[in-house]
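1. What shape does this take:
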Amino acid sequence: MALSASDGKSGVELIKKEMPAVVILDIMLPDMDGFEILKKIKEDPVTRPIPVVFLSNLGSREDVQKGKELGAYSFLIKATVTMDEVLQEVSKIILAS
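-> Model (predicted):
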């Protein structure tokens, strides 16, 4: 089942409530950016194990590095991946769990 949130705050609350197998996260979100959300996920011992994949149009070397330093599993750039490639990445994560 896929869930979505329209802003960062509700996204963090939904993650804590539903404990998804994988989180796909953009960087540019209302009220809280994806880096801040990732930081909150990884600071909480309950949500820390959840793999987070960034899927964003922001893909500078600095953005990718920051995401990995904060604990992102992977970083995909929207303009360079297909939906099938996103699904393959998610499937790989789920099968590895």
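2. Which parts of this protein are strands?
-> Secondary structure of the chain by DSSP state E: the strands cover 23-25, 52-56, 74-77.
3. Columns distance to residue 84 and mean neighbour count on top of the ones you listed, output as JSON lines?
-> Bear in mind the C-beta positions are built from the backbone N, C-alpha and C, glycine included. Converted to JSON lines, the strands of the chain look like this (distance: least, CB to CB, whole Å; neighbours: other CB atoms under 10 Å):
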{"stretch": "strand 23-25", "distance to residue 84": "14", "mean neighbour count": "21"}
{"stretch": "strand 52-56", "distance to residue 84": "13", "mean neighbour count": "22"}
{"stretch": "strand 74-77", "distance to residue 84": "12", "mean neighbour count": "17"}
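4. Looking at those strands, spot the one closest to residue 39.
-> For these, distance to residue 39 was read as CB to CB. The smallest value, 10.4 Å, belongs to strand 52-56.
5. got the CA positions of the closest one in CSV?
-> Presented in CSV, the C-alpha positions along strand 52-56 are these (Å, rounded to 0.1, in the frame of the first residue of the first chain):
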residue,chain,number,x,y,z
VAL,A,52,14.9,6.3,2.8
VAL,A,53,15.3,6.9,-0.9
PHE,A,54,15.6,10.5,-2.1
LEU,A,55,13.8,11.1,-5.4
SER,A,56,14.4,14.7,-6.4
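6. That'll do, ta.
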